[in-house]
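Enquirer: Got a sequence here, can you build the structure:
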Amino acid sequence: MNKILIVDASASDGRIMAGLLTRAGYDPVVTDCIEAGKVEAAKLPPGAVIVTAMRLSDGTAKEVINWLKTEGYKFPVIAIVDNLNTDAVDVMRGGGAVDVVQRLALDKQLIETVEKYAKPEHVVLTLGNQLLPRKSEVWQKIEEKITAIAATNANAIIFGECGSGKEQVAHQIYLNSSREQKPITIVDAGGAALVGRHNPENERSEIYNRIEGYFQKSAGGTIIIKNVHLLTFEKQSVLLHILETEHPDVRVICTAEPELLKMVTEKTFRPNLFFILRQSDIAVPSLKDTTEDIPEIADFFLKRYSAKTGKQRKHLDASAIKALKLYPWPGNVRELKDIVLFAAFHAKEDKITKCDITFNLSEPLTVNELHLKNEEWEKLKIVDALDRCDWNQTQAARLLNISRATLSYKVKHYRLRRD
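Expert: Next comes the predicted model:
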């Protein structure tokens, strides 16, 4: 719900406006002076609107607007005016308000005016640590393997493409293990998080002290190393030395993209470290290989979106599900989440159709696509662009960043039709 800040010295009008806004689905905050309004304005989230009286006990609407500008806030300000002519001209022309509402017509004008300027809130849904609901046979086997690995103290590597859900699998091993009662430390091998604590009085290297600090912090528990393939050779050597010589009572679970296997073969990742870390492993499939899971995962995201926004829950129709299953999903589950939420936000009806689905037309090429053109993906991109442009080939060609002649040739080549 959008926050609406009301700044008005009239307690009765403040209550009236708050009631109107609450019934309309907004979250109003009422203050009676500029100073109190400043305090609340600083707390407002994106998408909020400020409604202020022209005259207040400690100043005017102009002063509110000037303070917002000075502080760098760009919330739209709607002024409540008593005189629709003189006051309105004054606050709109010189004061910077985006609109005005006549006090005598609050019940008729307030909601309609606020609706024009209240921007939709940005809803952030993260994948979290839980496993997404899936019914494919592949995922049933993965869940069985999670349970089997969790029952041991073996280190593990979770392989998978970016956005496929590797971190969730790693976390589930920890949650289902006896080590769940002990600390967990999560480190990104390729990020600034791998800094730990350094003791300059120690004769060992700074990197050694920092990595060793993670093991000390996680004694008896678990360390999850995300993107272990991004470890530098020096950090690999330090990690190997700690595991081989100090034998810390810590389970190490790593996530890695498939390229780690190639790195081991090419000796850019130390094979002896690899085999210590990979006492067991799980291969997380890409979403394009488990398309039967898409409807259930998408519905899970739609349910969470509805719960977080308070909006009526939306559902995918058959055309939307078919379109989602045809897409190659280079960004896997993470991309599915973003596309489904985008469709839920923009869909006019409770049912999300194929027309509401917008795919990303520019994607990095995979290794296979560099050697073999992906015609199915090309057809899908062309049809999606044509659908979005109501099959106007000139507009679709512009969207695809190709000439109209090229698009016309492709349409004939693939025998594409509007139906």
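Enquirer: mind listing the strands for this protein?
Expert: Per DSSP state E, the chain carries strands over the ranges 3-7, 27-31, 49-53, 55-56, 59-60, 77-81, 99-102, 156-159, 184-188, 222-226, 251-256, 280-283, 315-316, 351-352.
Enquirer: Using TSV, lay out the ones you listed together with distance to I207, mean neighbour count and mean pLDDT.
Expert: For glycine as for every other residue, the C-beta is placed from the backbone atoms N, C-alpha and C. Listed next are the strands of the chain as TSV, based on distance: least, Cβ to Cβ, whole Å; neighbours: other Cβ atoms under 10 Å; pLDDT from 0 to 100:
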stretch	distance to I207	mean neighbour count	mean pLDDT
strand 3-7	46	25	93
strand 27-31	48	19	92
strand 49-53	51	26	93
strand 55-56	59	18	88
strand 59-60	57	18	86
strand 77-81	53	25	89
strand 99-102	58	20	85
strand 156-159	22	25	97
strand 184-188	13	18	91
strand 222-226	14	24	95
strand 251-256	17	26	97
strand 280-283	26	17	96
strand 315-316	48	20	94
strand 351-352	49	19	94
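Enquirer: can you put those in TSV and add distance to Y305?
Expert: Output for those, formatted as TSV (distance: least, Cβ to Cβ, whole Å):
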stretch	distance to Y305
strand 3-7	19
strand 27-31	18
strand 49-53	23
strand 55-56	39
strand 59-60	41
strand 77-81	28
strand 99-102	30
strand 156-159	27
strand 184-188	26
strand 222-226	26
strand 251-256	26
strand 280-283	29
strand 315-316	12
strand 351-352	11
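Enquirer: Which one of those strands lies nearest to E296?
Expert: Proximity to E296 (Cβ to Cβ) singles out strand 315-316 among the strands of the chain, at 10.7 Å.
Enquirer: What strands flank that closest one, and is each parallel or antiparallel?
Expert: Paired neighbours of strand 315-316 in the sheet (DSSP bridges): strand 351-352 (parallel).
Enquirer: which residues sit against the partner strand?
Expert: 302, 314-317, 320, 340, 343-344 (Cβ atoms under 8 Å, 6 or more residues apart in numbering).
Enquirer: swap in stretch 63-76?
Expert: Everything outside stretch 63-76 that qualifies as a contact, by Cβ under 8 Å, 6+ apart, is 5, 7, 34, 37-38, 41-42, 44, 48-50, 52, 56, 77, 95-99, 117.
Enquirer: 6 Å - rerun?
Expert: 34, 48-50, 52, 77, 95-96, 98, 117 (Cβ atoms under 6 Å, 6 or more residues apart in numbering).
Enquirer: Stretch 216-230 now?
Expert: 170, 174, 179, 182-190, 214, 249-257, 260, 263.
Enquirer: Repeat that for stretch 287-304.
Expert: Outside stretch 287-304, the residues that touch it by Cβ under 6 Å, 6+ apart are 125, 132-136, 138, 314, 316, 321, 324-325, 328-329, 332-333, 337, 340, 344.
Enquirer: Same list (the contacts of strand 351-352) but as CSV, adding distance to D350.
Expert: Listed next are those as CSV, based on distance: Cβ to Cβ, whole Å:
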residue, distance to D350
L302, 10
K314, 5
H315, 7
L316, 11
D317, 10
A320, 12
V340, 14
A343, 12
A344, 10
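Enquirer: Weed out the non-buried ones from those residues.
Expert: For the contacts of strand 351-352, a neighbour count by 16 or more other Cβ atoms under 10 Å gives the buried set as 302, 314-316, 320, 340, 343-344.
Enquirer: which regions of the stretch 301-419 of the chain lie under the pLDDT threshold?
Expert: For the stretch 301-419 of the chain, applying pLDDT under 70 flags the ranges 360-374, 376, 419.
Enquirer: if you set the cut-off to 90 instead, what comes out?
Expert: Along the stretch 301-419 of the chain, the model assigns pLDDT under 90 to residues 304-313, 326-331, 334, 338, 341-350, 355, 357-410, 412-419.
Enquirer: Let me see the ranges of the helices in it.
Expert: 318-326, 332-346, 367-371, 375-388, 393-400, 404-413 (DSSP state H, counting those that start in this stretch).
Enquirer: So which of the ones you listed is nearest Q279?
Expert: Closest among those, once you apply Cβ to Cβ, is helix 332-346, at 25.9 Å.
Enquirer: Could I get the buried residue list for that closest one?
Expert: Quick answer for helix 332-346 (16+ other Cβ under 10 Å): 332-337, 339-341, 343-344.
Enquirer: Mark out where each domain of the chain begins and ends.
Expert: Domain ranges of the chain: 3-117, 137-285, 293-413, per automatic domain parsing.
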